[in-house]
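In: heads up, no residue letters with this:
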């Protein structure tokens, strides 16, 4: 008896969630299909009922992130400063499995195929749009939003790349302070807390 559509959808979600955590932790090249499926509590054979290749799954993981961004799940408020404070927070830095793929995946994406690059671009465009919306009333909003996105992503990626945790937090904090200054709005709850 074949599985129901609901069962297939839940299984696919488990695979995507498993892959998201592992890709964030280990990178695209550092994770095998076997590891993804084992993390999801499934066997390798089931993978091909949902995806044709690991790159297709990778693109799906990045696309899911675009959905999170488009619903503003990444931040608690609606301003550019809220997003910056959440993105460059110590909590986001420490959460390796649930971090944003924009900063976790750039090197993998640069070496990836068209579908992965397209998915990454969509997530980046959503992030820039959220920042742009949060900069209402500011001049040169699109350019400022793109610069803020690059500063947030790059700041967090570089902070994660160093082996000295104190230096890492110094980098993260410097990027956060500059980004908040560029955003130029009132302080947020998240800023006050950190």
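Out: Yes, it's here. From a predicted model like this one, the values you see are computed outputs, not experimental measurements.
In: where does this structure dip in pLDDT?
Out: By pLDDT under 70, the low-scoring segments of the chain are 1, 66, 69-78, 136-139, 185-194.
In: kindly recompute the last result at 50.
Out: Counting by pLDDT under 50, the chain has low-confidence residues at 186-193.
In: the residue nearest the centre of it and residue 167, how far apart?
Out: Centroid-nearest residue in the chain, with CA atoms, centre = their mean: residue 100, separated by 1.7 Å. Distance of residue 100 to residue 167, computed by CB to CB, to the nearest Å: 21 Å. Just so you know, the C-beta spots here come from the backbone N, C-alpha and C atoms, and that holds for glycine as well.
In: show me what contacts the residue nearest to the centre of the chain?
Out: Contact analysis of residue 100 by CB atoms under 8 Å, 6 or more residues apart in numbering lists 65, 74, 87, 92, 123, 153, 156.
In: now it: how far from residue 156?
Out: 8 Å.
In: after the host helix or strand of residue 35, which helix or strand is next?
Out: Assigned by DSSP states H and E, residue 35 belongs to helix 33-39. Counting by DSSP H and E, the next helix or strand C-terminal to helix 33-39 is helix 44-47.
In: ok, and what's touching that next one?
Out: Contact with helix 44-47 is made by 11, 15, 33, 34, 36, 37, 57, as judged by CB under 8 Å, 6+ apart.
In: before we move on, what about stretch 145-153?
Out: Taking CB under 8 Å, 6+ apart as the rule, stretch 145-153 contacts 80, 83-84, 87-88, 100, 102-103, 106, 124, 127-129, 131-132, 135, 175, 178-179, 182-183.
In: okay, now residue 160: neighbour count?
Out: Counted with other CB atoms under 10 Å, residues neighbouring residue 160 total 15.
In: wait, it touches residue 168, no?
Out: Yes. Contact criterion CB atoms under 8 Å: residue 160 and residue 168 qualify, at 6.8 Å.
In: so what sits against both of these two?
Out: residue 93.
In: list the contacts of the residue nearest to residue 15 when sequence neighbours are not counted.
Out: Spatial nearest neighbour of residue 15, chain neighbours left out: residue 40 (5.1 Å); criterion: CB to CB, 6 or more residues apart in numbering. Shown in contact with residue 40 (CB under 8 Å, 6+ apart): 11, 14, 15, 17, 18.
In: helix, strand, or coil at residue 52?
Out: coil (DSSP: H, G, I helix; E, B strand; the rest coil).
In: what's the neighbour count on it?
Out: By other CB under 10 Å, the residues close to residue 52 number 9.
In: quick one on the thing from earlier: state the distance from the residue nearest to residue 15 to residue 6.
Out: Computed as CB to CB, the residue 40 to residue 6 distance reads 17 Å.
In: what's the neighbour count on residue 164?
Out: Using other CB under 10 Å: residue 164 sits among 9 other residues.
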